[in-house]
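Structure of the sequence below:
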Amino acid sequence: MCRSLISPFLYMVVALAGLVATPRAAFAADGYDVSYLWSHDIAGVRDYRERVASVLGPAVAKDLKVVASGELFGLVYLRQGDSAGASRVARSHTRLLRSRGLEAASPVRARDWRLVGSGEARRVSIASLDTPKVSRSKMTTRERSREIHNLEVAVENYIDGLRREGKIAPDERTGWSVYDFTTGEKLVTINEDEQFQAASLVKPFIAAAFFHKVAQGELIYGPDSRRHMELMIQRSDNAAANWAIRQVGGPQAVERILKRSYPGIFQEIHLVEYIPADGRTYRNKASVHDYSRFLYAVWKDDIAGAREIKRLMALPGSDRIYTGVSEVPKGTRVYDKTGSTARVCGDMGILSVRGADGRRYPYTLVGIIEKQQSAPNYTAWIRSRSDVIRNVSAIVYKGIAQHHDI
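The predicted structure follows:
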């Protein structure tokens, strides 16, 4: 992992250092490839390539390349086909990869990717942040697959039970994601690539766009902007969020910056409105996978302002993944953002649990419940759906604790 800010300058440093090779051959402007992972850690991307190649087979592996885009390294299947074909391939690969606990694949517009030569083993890094590792030698591949599957099934069974009991209405849908940083495995992925109303969950995304412009020298992060960021993230202040959006250039500018600067992270995001005075923001959307990828990038310091975003998301406040979840032990570090409207109840965050061995075991949890029509009793609905997310957090923690013998 590394602590750094995304900037064109660092890309020039990477290019001059010889970490990237010559551009790939020219391609049609409307071509599409398939993307699997983006990170500053070139060694990690190469390791991940081997895992993906072993699942997808030699026919795909020959065109499965480690590429450089700016200062990021990515794993991309260079198929250069149309959008529909890339989407079909991504869905097919996702089913195979998720069966082995790996990340989902996504179609991505083909670019003039720069292929990374096979001889380098360096990483672009300003400083490293180690994640604890645990030995999995006592667990067979089949046992590990069953364990991952069982945690997802446990969440599905809980939600299905609430539906049968009428505690989740027919016009409500849910999305869930859990990623274990220690093992590098996705443990839960339910409706992960569907778009949901973003509510205030989008506010850390706004911060990321703001910090990108700071890194480019176009904005200054001083006492005033720091105060607005703290209000936006810690207090979920809508006026502060709109202030930050205006500094970036408006909702469409926020979306444009995020998609262009971090194509591997923000893939289902749709930002079209400032937050109304009454807080009823229903048009901005993103997927559970967007939040999961964002949290991964923040933890890995693979996004502008990651260190400050973590600080902001760790400021004291109520949440739905730790507060009120008695199963999650005291002393767990939490980096999160909630979202609430009469149609959405959600939380996305990182929980870093301390084990008996003194090590930290971080994982992400994203949970969203969206209602098609506004709840007639906002307070009662938000309270009950918040408890659903807390109960899922308890289920997830028990699974994490079992995985790592915490």
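
can you map out the helices along the stretch 101-250 of the chain?
Assigned by DSSP state H, counting those that start in this stretch, the stretch 101-250 of the chain shows helices spanning 141-164, 203-215, 223-234, 238-248.

Could you tell me which residues within the helix or strand encompassing I257 count as buried?
In this assignment (DSSP states H and E), I257 forms part of helix 251-261. Across helix 251-261, burial judged by 16 or more other CB atoms under 10 Å covers 251, 253-255, 257-258, 261. Using the backbone N, CA and C atoms, a C-beta is placed for each residue, glycine as well.

Off-centre distance for the helix ranked longest in the chain?
Taking DSSP state H as the criterion, the chain has its longest helix at helix 378-404. Distance of helix 378-404 from its chain centroid, counting by CA atoms, centre = their mean, to the nearest Å, is 19 Å.

could you give me the average pLDDT of it?
In this model, helix 378-404 carries a mean pLDDT of 94.

re the thing from before, so which of the helices of the stretch 101-250 of the chain comes closest to S292?
helix 203-215 (12.7 Å; CB to CB).

okay, the angle between that closest one and helix 223-234?
Here helix 203-215 runs at an angle of 160 degrees relative to helix 223-234 (axes from the mean of the first three to the mean of the last three CA atoms, to 10 degrees).

Figure out which of the helices of the stretch 101-250 of the chain is closest to E50.
helix 141-164 (14.9 Å).

what bits of this structure have low per-residue confidence?
1-30, 70-71, 117-149 (pLDDT under 70).

Show me it divided up by domain.
As recorded under automatic domain parsing, the domains making up the chain are 8-115, 144-404.

Need the winner for burial among those domains.
Most buried of these by mean neighbour count (mean count of other CB atoms under 10 Å) is domain 144-404; its value is a mean of 19.

mind checking how far that domain is from the chain centre?
Worked out by CA atoms, centre = their mean, domain 144-404 lies 9 Å from the chain centre.

ok, and what's touching stretch 91-101?
34, 36, 51-52, 55-56, 60, 77, 103-105, 144-145, 148, 183, 185-187, 189 (CB atoms under 8 Å, 6 or more residues apart in numbering).

got the helices of the stretch 101-250 of the chain as a markdown table, with distance to P376 columns?
A markdown table is the format used below for those (distance: least, CB to CB, whole Å):
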| stretch | distance to P376 |
| --- | --- |
| helix 141-164 | 19 |
| helix 203-215 | 27 |
| helix 223-234 | 29 |
| helix 238-248 | 23 |
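
To N284, which of those lies closest?
The nearest among the helices of the stretch 101-250 of the chain, by CB to CB, is helix 203-215 at 9.3 Å.

now the strands for the stretch 301-406 of the chain?
Using DSSP state E, counting those that start in this stretch, the strands of the stretch 301-406 of the chain run over 333-340, 344-354, 360-371.

Nearest to E268, out of those strands?
strand 360-371 (12.3 Å).

just to revisit the earlier point, nearest to S393, out of the helices of the stretch 101-250 of the chain?
helix 141-164 (10.2 Å).

Show me the strands in the stretch 51-200 of the chain, by range?
Using DSSP E, counting those that start in this stretch, strands in the stretch 51-200 of the chain cover 64-69, 72-81, 106-109, 114-115, 172-180, 185-190, 195-197.

Next, the angle from the longest helix of the chain to strand 172-180.
Using the same axes, to 10 degrees: helix 378-404 against strand 172-180 is 30 degrees.

Spit out the contact partners of E156.
E156 neighbours (CB under 8 Å, 6+ apart): I190.

What distance do you get for it to I395?
10 Å (CB to CB, to the nearest Å).

N377 too?
Taken as CB to CB, the span from N377 to I395 is 27 Å.

do P329 as well
15 Å.

Kindly report the same for A207.
For A207, the distance to I395 equals 30 Å [CB to CB].

What distance do you get for G264 to A59?
G264 is 23 Å from A59, by CB to CB.

cool, and V396?
36 Å.

And S200, by the same measure?
44 Å.

again with C345
44 Å.

again, but for H270
Distance from H270 to A59, by CB to CB: 35 Å.

So what touches stretch 266-286?
106, 108, 193-202, 205, 238, 241-242, 245, 250-252, 254-255, 258-259, 287, 289-290, 293-294, 341-343.

same deal with stretch 323-330?
Outside stretch 323-330, the residues that reach it (CB under 8 Å, 6+ apart) are 321-322, 351, 353-354, 387, 390, 393-394, 397-398.

what's the first-to-last distance across that stretch?
This stretch, stretch 323-330, spans 10 Å end to end (CA to CA, to the nearest Å).

cool, stretch 354-374 as well?
39 Å.

could I get stretch 280-299 in PDB with only the CA atoms?
Provided in PDB are the C-alpha atoms of stretch 280-299 (Å, rounded to 0.1, in the frame of the first residue of the first chain):
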ATOM      1  CA  ARG A 280     -34.500  15.400  -0.400                       C
ATOM      2  CA  THR A 281     -31.800  14.500  -2.900                       C
ATOM      3  CA  TYR A 282     -33.100  11.600  -5.000                       C
ATOM      4  CA  ARG A 283     -31.400  12.000  -8.400                       C
ATOM      5  CA  ASN A 284     -27.700  11.500  -7.500                       C
ATOM      6  CA  LYS A 285     -26.900   7.800  -7.800                       C
ATOM      7  CA  ALA A 286     -24.000   5.400  -7.400                       C
ATOM      8  CA  SER A 287     -23.500   1.600  -6.900                       C
ATOM      9  CA  VAL A 288     -22.500  -0.400  -3.900                       C
ATOM     10  CA  HIS A 289     -19.500  -1.400  -5.900                       C
ATOM     11  CA  ASP A 290     -18.500   2.300  -6.400                       C
ATOM     12  CA  TYR A 291     -18.500   2.700  -2.600                       C
ATOM     13  CA  SER A 292     -16.500  -0.500  -2.100                       C
ATOM     14  CA  ARG A 293     -13.900   0.500  -4.700                       C
ATOM     15  CA  PHE A 294     -13.700   4.000  -3.200                       C
ATOM     16  CA  LEU A 295     -13.100   2.600   0.300                       C
ATOM     17  CA  TYR A 296     -10.400   0.300  -1.100                       C
ATOM     18  CA  ALA A 297      -8.700   3.200  -2.800                       C
ATOM     19  CA  VAL A 298      -8.900   5.400   0.300                       C
ATOM     20  CA  TRP A 299      -7.400   2.700   2.500                       C
END
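
Sweet, I'm off.
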